[in-house]
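Student: Got a predicted structure plus its sequence, pasted below:
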Amino acid sequence: MSVIWAIATDEWRYWRRSSLAQTVLLIAIVLAAASVWVTHASITITAEARQHMQADAKQVFEQQPDRHPHRMIHYGHYLFRAPPPLSALDPGIDAYTGNAIFLEGHQQNSATFAEQKQSSGLNWLGKLTPAYVMQVLTPLLLIVLGFGVMTREREAGTLDFLKVQGVSALTLMLGKGVALAGAGLLILIPLVVGALITLLQGAAALPVMVFIFAYLLYLAIWCGIVLAISTLASSNSTSFSGLMAVWILMCLILPRIASNTAAVVAVSQGKIETDFAVLQSIRESGDAHNPNDPAFKALKDNLLAQYNVETVEQLPVNFRGIVSRSSEAHHTEILNKFAGQKMQGEQAQAGIARKFGWLSPVIAIQTASMKLAGTDLENYQRFLREAEAIRFDFVQSLNTLHAEGLTYAQDANRYSSQQAKQAATVSSANWQILDDFHFTPLAPAQLVANSLLALLQLCCGMAVVLGLIFFAGRRI
């Protein structure tokens, strides 16, 4: 053990004397620390702003004057999704999906105010998240730092000298591996500190600990790759070229192949085609603004028979409101059907892309990181489903008020005069129908369970790298 530690200490001493190594380590630590601080500050500000806007949206809705209930359905309401604590380290897909939804009758709106859609195309160059730094840039910096850990010994002729002194290949590689691991841990410190800070902001301990473990395992894989290829290479230039090829393949090419393969294998219908299909289905179900539409004849006949009256004017409820409520329920079934198909398509594509995690540890850590942080596709879709449930309850509450708060005559004649228009309104006290909305992440155990496949991919990747190291050691 003392020999291994002596080899690691000697490697660290060499790096302290190397201006290149010092520069690489400094860049890596500064990037990691700056990304954690900037992203954490941004997410904190965003969370506070969304909570403030959610309260404002509710207050503005409730302060509307006396109006016709259907006017309030189209006036609508906003829901804002607060970011989970660990999104300060891995924002995931949140920057692309949007953080607010406008709720109104007759349609389901997509999330809006996505950060990437509101910024210039070059914004990504200046926005480095901790997850991106650890997943893509840190492996590159480890390559620059450690590509010569073994080839340098071979080129300097000290490898044979060490063998003569009784230092086995395995011992030498373990010492070099400890040195690389120390550098990796040094770069990881800002991420660990950031993860521990999220505990103070409400993050659960279990996913935070697993989050840190996942990145420890990921950096260990890259340290092993650097060590194995440096052992197999015959020179520094060969080692550096080989490692750069692996980095390009793992970090750039395979993720792109994964996304393109998913788009080709699990083809999803385009937005325009889907919108036309939804519109056609809704048109066939009748016009909710026209109570005389033939689509509502059966509803009319049933109501007349139920209350034993001959005309809709004699009904104890407003037939126009009944039509709106029935039509909204039917429209929601149609909208949920198409929304479910879209979500299934997105999950199918994500599932195909995530299978490439068996080939690239970058894809595996991206999946594990987002799932543990609660910023993955499945959590976003859960937000959409919760928002839709609130939208439907919100609209149907107003439709019920429309049916029971106004008479048919008041409703039908509301445009005949100013007095009739005023009579076809209800008190603003009826707008107190909104509940406080708080989107909460999944339970800690569920977050960890969702990440198990990606963690297994990382463990298998580590096993493959260890096998490669053992093979490389046998060749010395």
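Tutor: Arrived safely, thanks for sending. Numbering: from 1, shown residues only.

Student: pretty sure residue 198 belongs to a strand, no?
Tutor: No - counting by DSSP: H, G, I helix; E, B strand; the rest coil, residue 198 is not part of a strand but helix.

Student: so what's it up against?
Tutor: Taking C-beta atoms under 8 Å, 6 or more residues apart in numbering, we find residue 198 in contact with 85-86, 88-89, 208. Glycine gets a C-beta too; all of them are placed from N, C-alpha and C.

Student: can you rerun that using 7 Å?
Tutor: Taking C-beta atoms under 7 Å, 6 or more residues apart in numbering, we find residue 198 in contact with 85-86, 88, 208.

Student: got the contact list for the one helix or strand in the chain whose mean pLDDT sits lowest?
Tutor: When each helix and strand of the chain is scored by mean pLDDT, DSSP states H and E, helix 271-284 comes last, with a mean of 74. Helix 271-284 is contacted from outside by 331, 334-335, 338, 342, using C-beta under 7 Å, 6+ apart.

Student: contacts for stretch 339-347?
Tutor: Residues contacting stretch 339-347 (C-beta under 7 Å, 6+ apart): 108, 266, 268, 274, 377, 381.

Student: Can you list the buried residues in that stretch?
Tutor: Residues of stretch 339-347 classed as buried: 339, 342-343, 346 (neighbour count, 16 or more other C-beta atoms under 10 Å).

Student: next one: stretch 43-56
Tutor: Those would be 43, 46-47, 50, 54, for stretch 43-56 by 16+ other C-beta under 10 Å.

Student: same check, this time on stretch 59-72
Tutor: Buried residues in stretch 59-72 (16+ other C-beta under 10 Å): 61, 67-70, 72.

Student: residue ranges with poor pLDDT in the chain?
Tutor: By pLDDT under 70, the low-scoring segments of the chain are 113-127, 271, 288.

Student: picking up where we left off before, let me have the buried residues of stretch 59-72 in TSV, extended by secondary structure and distance to residue 244.
Tutor: Compiled in TSV, those are given as follows (DSSP: H, G, I helix; E, B strand; the rest coil; distance: C-beta to C-beta, whole Å):
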residue	secondary structure	distance to residue 244
61	helix	56
67	strand	65
68	coil	67
69	helix	65
70	helix	63
72	helix	61
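
Student: What about the closest residue to residue 76 other than its chain neighbours, how many residues nearby?
Tutor: What sits nearest to residue 76 in space, not counting adjacent residues and going by C-beta to C-beta, 6 or more residues apart in numbering, is residue 104, at 3.8 Å. Look at residue 104: counted by other C-beta atoms under 10 Å, it has 16 neighbours.

Student: And for residue 317?
Tutor: There are 19 residues near residue 317, going by other C-beta under 10 Å.

Student: For it, give its distance to residue 98.
Tutor: Going from residue 317 to residue 98 by C-beta to C-beta, to the nearest Å gives 38 Å.

Student: Relative to the centre of this protein, pull out the residue lying furthest away.
Tutor: Computed with C-alpha atoms, centre = their mean, the residue of the chain farthest from its C-alpha average is residue 310, at 55.8 Å.

Student: Secondary structure element for that residue, which one?
Tutor: For residue 310, there is no host helix or strand (DSSP states H and E).

Student: Contacts only, for it.
Tutor: Applying C-beta under 7 Å, 6+ apart, we find residue 310 in contact with residue 304.

Student: Now do it against residue 299, distance only.
Tutor: Applying C-beta to C-beta, the value for residue 310 to residue 299 is 16 Å.

Student: To what extent is residue 444 buried, counted in neighbours?
Tutor: Each residue near residue 444 was counted by other C-beta under 10 Å, and the total is 17.

Student: likewise residue 243?
Tutor: Using other C-beta under 10 Å, residue 243 has 24 neighbouring residues.

Student: Once you drop chain neighbours, what's closest to it?
Tutor: Distances taken as C-beta to C-beta, 6+ apart place residue 143 nearest to residue 243, at 4.4 Å, with adjacent residues excluded.
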